[in-house]
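In: got a structure for you, letters missing:
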């Protein structure tokens, strides 16, 4: 009998472990405490592309020659303003995402040493270019972004749920796609501009090395592979 009980306990433990692995695949967003309730929306369910556009693209996108981006606004006073803002800012948002990735990429390397030494006065102009001008430069060369889907929500924010005050707000999310080649060209051009800004030969070489195959690194990062 004791042996049988031990086998049962082991079997239950194995089932429990298996269940824990599956829990990682479950979306727990509904369990997060929110300070609002959704009172109206453009569809009955919140689209998966808002939460993880890379996973959505892998499962749903029919044409793999495109890269997909998703952006959602903060609550606005009405739906039209929220959606117009989301559509108007999508190009700037893509540029911002790319420039932020490049900054992080330059701040680290496989050896753990920054490609741009923050303590080197020779790199000041380059650091200023990367932090202050890069997003604007990338936005100027990001072309061909097109709107695929739009989703909006009307939210009722409540003090009882933790909001600073009671009010109605509208959020809008957009799904955008760009051709792979266009996005790669934009990232390559940004890399060239940064390298060209490096006056010091050693810094130029470090930056060039750090930004080598940047498009591939960016693609992997968006998929959560690095």
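Out: Yep, that arrived. Just so we're clear, the structure is a prediction, and the values are computed from it rather than from any experiment.
In: the strands in the chain, which residues?
Out: 36-41, 66-72, 146-157, 167-179 (DSSP state E).
In: neighbours of residue 82, how many?
Out: Using other C-beta atoms under 10 Å, the number of residues around residue 82 comes to 23. Using the backbone N, CA and C atoms, a C-beta is placed for each residue, glycine as well.
In: for this protein, which helix extends over the most residues?
Out: Determined from DSSP state H, the single longest helix within the chain is helix 79-106.
In: buried residues of that one, list them for me.
Out: With burial defined by 16 or more other C-beta atoms under 10 Å, the residues of helix 79-106 counted as buried are 79, 82-83, 85-87, 90-91, 93-99, 101-103, 105-106.
In: give me the distance from that helix to the chain's centre.
Out: Distance of helix 79-106 from the chain centroid (C-alpha atoms, centre = their mean, to the nearest Å) equals 10 Å.
In: which helices and strands does that helix pack with?
Out: Applying 3 or more C-beta pairs under 8 Å, 6 or more residues apart in numbering; DSSP states H and E, we find helix 79-106 packed against strand 66-72, helix 134-141, strand 146-157, strand 167-179, helix 180-197, helix 201-210, helix 214-222.
In: can I get the ones you listed in a markdown table including mean pLDDT?
Out: Shown next, in a markdown table, are the helices and strands packed on helix 79-106 (pLDDT from 0 to 100):
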| stretch | mean pLDDT |
| --- | --- |
| strand 66-72 | 93 |
| helix 134-141 | 90 |
| strand 146-157 | 96 |
| strand 167-179 | 96 |
| helix 180-197 | 90 |
| helix 201-210 | 86 |
| helix 214-222 | 86 |
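In: thinking again about what came up before, could I get the strands of the chain as CSV with mean neighbour count and distance to residue 226?
Out: Listed next are the strands of the chain as CSV, based on neighbours: other C-beta atoms under 10 Å; distance: least, C-beta to C-beta, whole Å:
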stretch, mean neighbour count, distance to residue 226
strand 36-41, 13, 34
strand 66-72, 21, 16
strand 146-157, 17, 26
strand 167-179, 20, 21
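In: so can I have a markdown table of those showing distance to residue 121?
Out: Below are those laid out as a markdown table (distance: least, C-beta to C-beta, whole Å):
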| stretch | distance to residue 121 |
| --- | --- |
| strand 36-41 | 49 |
| strand 66-72 | 37 |
| strand 146-157 | 44 |
| strand 167-179 | 38 |
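In: do you know which of those lies nearest residue 215?
Out: Among the strands of the chain, the nearest to residue 215 by C-beta to C-beta is strand 66-72 (10.0 Å).
In: so what's residue 38 closest to, chain neighbours aside?
Out: Using C-beta to C-beta, 6 or more residues apart in numbering and skipping residues adjacent in sequence, the residue nearest residue 38 is residue 153, 5.2 Å away.
In: hang on, isn't the one you found packed against residue 170?
Out: Yes. In this structure, residue 153 is within contact of residue 170 by C-beta atoms under 8 Å, at 7.0 Å.
In: what is in contact with those two at once?
Out: Residues touching both residue 153 and residue 170 (C-beta atoms under 8 Å, 6 or more residues apart in numbering): none.
In: who does the residue nearest to residue 38 bridge with?
Out: For residue 153, the beta-bridge partners under DSSP bridges are residue 41, residue 171.
In: residues contacting it?
Out: When contacts are counted by C-beta under 8 Å, 6+ apart, residue 153 touches 38, 40, 41, 42, 46, 170, 171, 172.
In: same question, residue 91
Out: Counting by C-beta under 8 Å, 6+ apart, residue 91 has contacts 139, 142, 145.
In: next, work out how far apart it and residue 63 are.
Out: Going from residue 91 to residue 63 by C-beta to C-beta, to the nearest Å gives 21 Å.
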